[in-house]
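A.B. asks: predicted coordinates and the sequence they were generated for:
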Amino acid sequence: MKTISASVLKTKLNAKESIQIIDIRENFEFEDGSITETNIPMDDLANDISAIHREEDVVIVCQTGRRAGAMIYILEKKYQLNNLFCLEGGYEAFIK
């Protein structure tokens, strides 16, 4: 599984690089703050990958990185996706 640190992600965002960020936390968690406007809870994303861009890097975000790692494992195995990155430490690391 590929990972990306919060500092590298911030650098890419500041440079306006083409990258998709998907927050897989539940709606009530997402409402407390996020780094993206795209919220697709984990269960929904596991069954419908139509929102995942194939032509650019995609960062999967959860609160601490654990759920995102599990989600990436599922998506890579089930759909053979190879452009997914897990945000190390999740949203918590990004806001620190």
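C.D. replies: Great, that's in hand.

A.B. asks: hey, which helix is longest across the protein?
C.D. replies: Identified as the longest helix of the chain according to DSSP state H is helix 66-79.

A.B. asks: and that one, average pLDDT?
C.D. replies: Regarding helix 66-79, the rounded mean pLDDT is 97.

A.B. asks: now the residue nearest in space to the middle of the chain. Nearest residue, chain neighbours left out?
C.D. replies: In the chain, the C-alpha nearest the mean C-alpha coordinate belongs to Ile60, at 1.2 Å (C-alpha atoms, centre = their mean). With C-beta to C-beta, 6 or more residues apart in numbering as the criterion, Ile60 has its nearest non-adjacent residue at 4.3 Å, and that residue is Ala68. Where you see a C-beta, it was placed from the backbone N, CA and C, and this is true even at glycine.

A.B. asks: about what we covered before: buried residues, the longest helix of the chain. List them.
C.D. replies: Neighbour-count burial for helix 66-79, with 16 or more other C-beta atoms under 10 Å as criterion, is recorded at Arg67, Ala68, Gly69, Ala70, Met71, Ile72, Leu75.

A.B. asks: quick one: the helices in the chain?
C.D. replies: Ranges of helices within the chain are 6-14, 27-30, 42-47, 66-79, 90-95, based on DSSP H.

A.B. asks: which elements pack onto the fourth one?
C.D. replies: What it means is helix 66-79. helix 42-47, strand 57-61, strand 84-87 (3 or more C-beta pairs under 8 Å, 6 or more residues apart in numbering; DSSP states H and E).
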